[in-house]
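>>> Need coordinates for the following:
(3 chains)
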Amino acid sequence: MSSKDDADGKEGKSPDNRRNFLKVAVTFSGLLVVAGIGAITEAVTSTPPSESSESVSFPRVKVASLTDLEANQPILFNYPLDNEPNVLVKLGQKAEGGVGPDGDIVAFSALCQHLGCVYAFQPTGTSPQCNSSYTAQSPVGYCCCHGTVFDFLHGGTVQAGPSPRPVPQVTLDVDSSGNIYAVGMGPPTIFGHNTGSGDTSSDLQGGNPVSTA
Amino acid sequence: MNQNDLLTTIILIILQLVSTNYLWSLDATNSVSQARFAIFLAIDLLSFAMIAYIYRKIEWREPTYRIWLLLGSFGLVLLLLSSLIFT
Amino acid sequence: MRKEDEVVARLIAWFDSRLGLSHPLLRPVPEYSVNPFYWLGALTVVAFVIQGVTGVLMMLYYVPSPTQAFPTTQYIFQQVYYGRFLESVHLYTAYAMIMLAFMHMMRGYFVSVHKKPREMMWIVGMVMGFVTLGFGFTGYLLPWTVVSKSATDVGIGMIDALPAQISWLLSFLIVGAGGDATELLRFYDLHVVVLPAVLLVLLTIKMYMLECHGISEPVSGAVSQEKRRLIPIFPDISLYLLELAAVFGSAMLLISVIFPLNLPPQYSPQLAAQFTPQPDWYFLWIYQVLKISIFEGPGLSVALSLVTILFILLFLLPFIDRNEKRRLIDRPIFVTLGVIFVAELIVLAYWGLITPGQIIPFEQAALVIGGTALVIALVSFGTYWVLFSRIKRQTSGPTQAPAKLVTLFSFGALATGGAFAIGNTMNTTVNIIVQGLDWWKALELVSSIIMLAFVIFGSALLIYSIELPNGSLSRRIRFLEKMIHESK
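As a prediction, the model looks like this:
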């Protein structure tokens, strides 16, 4: 065991004293390393608890009611902040994430994930004004800037075009009176809010929340 | 050369003391602290490795090869510099 | 002795006698083993300890349920003090642990530690290797990100494609009744409790066997008396271990600073459909093999059976490699097989990395895999024939030069350079055959062949330098020149 005979760190010329000094030095050095690791343990374990470690809460905002909606007639609304446009539309056929009695009411962020242009909803069989050579084979969102096509039947996945990721889908809820509420946003984040991240809490930053009135 | 070794040891211990003290004084809420913590803990560890090496060589009455001490010191300098770059 | 010296000495003596500190627990080791090559296994254990410490700290905040896994991981990344640092260190040390375990295995292979009487140590070690891979597999799922869940789903799909008995057993252990929640909980349980316990038990068994057999003799057997001097474990060798551990720790910390981790997005089926699942790097070679076209569909079971057979062969190596000789010179076949194994792993892994999700046509696979094996076999046998047969006749039992860091670096550089040179040569040859020759491709082919020649020459020199008596490189070159002169 390293002896601590020369605990006062005597530093003489004879080899024995030198060895003793080094023994003390090594032990002390080791203890300092342990102290360093102790520092991180102390810090990690003393993190103050946050209110909840669940994902942050989105506001519950009424968008429309079932009686307002007609098939393939999109409604634009802002959610969850007042600078984030989204499009709500009744597709007339069952879609992924769709709500309502027919499971065909969906809503997506209206900002293209490529460069943030606002794209438009294209019902089946129609062509966008900017590109008459493209005809929608199913209900899609067509972005006139660079031709991205988002599939509204399958959660906003990219059918064509340069967008590197799907467009975020708005989580909807219909209550017993037929009111449609927006209650959350799925990943990825809305364009411009930590774009490309899976952390949808960024959608709540950088603007004023839409009122829940 | 043994005088040099002792001098090196003393310098290393002082470096360790400063680093460990710094680790405890870091503000954990600052995000930059994470990189600083890692670097100074690494300095702590590397100094310990060098001191242990010097002790072992002296205990076995073998010469301490300068190349390892030089490499170690170079590593420490690198770490100290990176504390300025990565934070 | 001064008064306070005596008091301190008596205090230490009291602890010593009660705690049994100076009682010899582990036998002293010879001085030639104070060398990083002998400590790769110990460093793997050091990595495991680091994993334990960082893991326990993260366990304070992580919750293993499908809805809570990602949010709590995110919480660690964003809110917990030093959380991101913990995650980064944990991941990089995990990679280091797998890499060190592999290096430990290959070093043992080339130095023939699996021969009598250490066959069981090899087998126990292989089981530990599997446990380590199991750590990687189970831990990867826990953050519940798109990347990790997709890759794990593929992995579990592969388990189902194994021969029925094995797949039933593994499914029972790992997946349970089915469903995401049970799967995650089981993976967590395995990762945090079961695998660590199993690893510790196996480690104890292996250390006990090491105690019985001692450190293996250096390969050629004739080492100076000075190098055989026995050194006590405590405090000398323990200090050496701490030295190595401290340097390793600083390296891990530095890597975590330079490459801090970013959390991929949370798993959702929509997002997962967009990603091409790819396993972590240590499974890439299996992934690449499975992507070969003839293994598609029903062929998957065949491929997995082949991989299983390979692992079984590795397990049973001590009973396959029955030659009692340990010197590299005396084992041309197994040394060649070993080098081919390492090279194929590197080539396949890199290839898997650059072709995510792409099916590999059989001809290409045969060319690359077969080509790598062929080139190495030719180089190896050539080297053996040219250099070693003459050395064998001229010297009787050369002493092994102590392994130096230079040797380690050279080996690493040659292995990497070799893999690239071989891969590039294969690649350009295939390109030329398929797409036709032009100046650019010709230049590429010539430069790969030149690089290959360097690697071959370097490998020969390296093997040569390990086997001859300790002396400077010039002395060895003079020896070679003398040989050539005498043969004229």
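
>>> alpha carbons only for contacts and neighbour counts from here, please
Fine.

>>> Any stretches of the chain with poor pLDDT?
Going with chain A. By pLDDT under 70, the weakly predicted segments of chain A are A:1-16, A:50-57, A:206-208, A:211-213.

>>> if you could check chain C rather than the one you did, that'd help
C:1-5, C:176-178, C:220-222, C:387-408, C:463-479, C:487-488.

>>> Near chain A, which residues of it are found?
Listed as neighbours of chain A in chain C under the rule Cα under 8 Å from any Cα of the partner chain: C:4-6, C:8-9, C:12, C:16, C:21-22, C:57, C:60, C:68, C:71-72, C:75, C:79-83, C:234-235, C:264-266, C:270-271, C:274.

>>> Now with 6 Å, please.
C:5, C:71, C:80-81, C:265-266 (Cα under 6 Å from any Cα of the partner chain).

>>> Going by distance to chain A, which of those wins?
C:Pro265 (3.7 Å; Cα to the nearest Cα).

>>> so who does whatever residue of chain A ends up closest to chain C touch?
Proximity of chain A to chain C (Cα to the nearest Cα) peaks at A:Gly198, 3.7 Å away. Contacts of A:Gly198 were listed using Cα atoms under 6 Å, 6 or more residues apart in numbering or on different chains, and they are A:187-188, C:265-266.

>>> Quick one: those residues as TSV, columns for distance to C:Thr132, neighbour count and secondary structure too.
Listed next are the contacts of A:Gly198 as TSV, based on distance: Cα to Cα, whole Å; neighbours: other Cα atoms under 10 Å in any protein chain shown; DSSP: H, G, I helix; E, B strand; the rest coil:
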residue	distance to C:Thr132	neighbour count	secondary structure
A:Pro187	33	25	coil
A:Pro188	34	26	coil
C:Pro265	26	23	coil
C:Gln266	26	26	strand
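
>>> which one of the residues you listed sits closest to B:Ala42?
C:Pro265 (30.6 Å; Cα to Cα).

>>> can you pull out the helices in chain B?
B:2-25, B:33-59, B:66-85 (DSSP state H).

>>> Show me the contact partners of the first one.
It stands for helix B:2-25. Counting by Cα under 6 Å, 6+ apart, A:36, A:39, B:40, B:44, B:47, B:51 sit against helix B:2-25.

>>> State the phi and psi torsions of A:Phe108.
Backbone torsions for A:Phe108, taken as degrees, to the nearest 10, come to phi -140, psi 160.

>>> Now do the same contact list for it.
By Cα under 6 Å, 6+ apart, the neighbours of A:Phe108 are A:86-87, A:168-170.

>>> For C:Asp160, give me its contacts.
C:Ser167.

>>> Can you find the residue of the stretch 301-450 of chain C that comes nearest to chain A?
Closest point on the stretch 301-450 of chain C to chain A, by Cα to the nearest Cα, is C:Pro356, at 16.8 Å.

>>> how far away is that residue from C:Ile422?
21 Å (Cα to Cα, to the nearest Å).

>>> for C:Ile432, same thing?
Counting by Cα to Cα, the gap from C:Ile432 to C:Ile422 is 15 Å.

>>> Which one of the two is surrounded by more residues?
Between C:Ile432 and C:Ile422, counted using other Cα atoms under 10 Å in any protein chain shown, the more crowded position is C:Ile422 (24 against 15).

>>> if we can go back for a sec, mind picking the two most distant members of the contacts of helix B:2-25?
A:Ala39 and B:Ile51 (21.6 Å).

>>> between those two, who's got more neighbours?
Ranked by neighbour count (other Cα under 10 Å), A:Ala39 and B:Ile51 place B:Ile51 first, with 27 against 20.

>>> what residues are up against that one?
B:Thr9.

>>> same thing but at 7 Å, please
A:26, B:9 (Cα atoms under 7 Å, 6 or more residues apart in numbering or on different chains).

>>> Report the separation between it and A:Val118.
63 Å.

>>> returning to what we had before: A:Phe191 versus the residue of chain A closest to chain C, what's the distance?
12 Å.

>>> C:Gly83 too?
C:Gly83 is 27 Å from A:Phe191, by Cα to Cα.

>>> Pick out whichever of these two has more residues nearby.
Neighbours per residue (other Cα under 10 Å) separate C:Gly83 from A:Phe191, with C:Gly83 holding more: 25 against 22.

>>> surely the more buried one meets C:Ile76?
Yes. Using Cα atoms under 7 Å, C:Gly83 makes contact with C:Ile76 at a distance of 4.8 Å.

>>> Give the buried residues for the helix or strand hosting C:Leu40.
Per DSSP states H and E: C:Leu40 is located in helix C:40-59. Using 16 or more other Cα atoms under 10 Å in any protein chain shown as the test for burial, helix C:40-59 gives C:40-48, C:50-51, C:54-55, C:57-58.

>>> Packing partners of it?
Packing partners of helix C:40-59 (3 or more Cα pairs under 7 Å, 6 or more residues apart in numbering or on different chains; DSSP states H and E): helix C:83-110.

>>> Going by neighbour count, list what's buried in the helix it packs on.
C:83-98, C:100-110.
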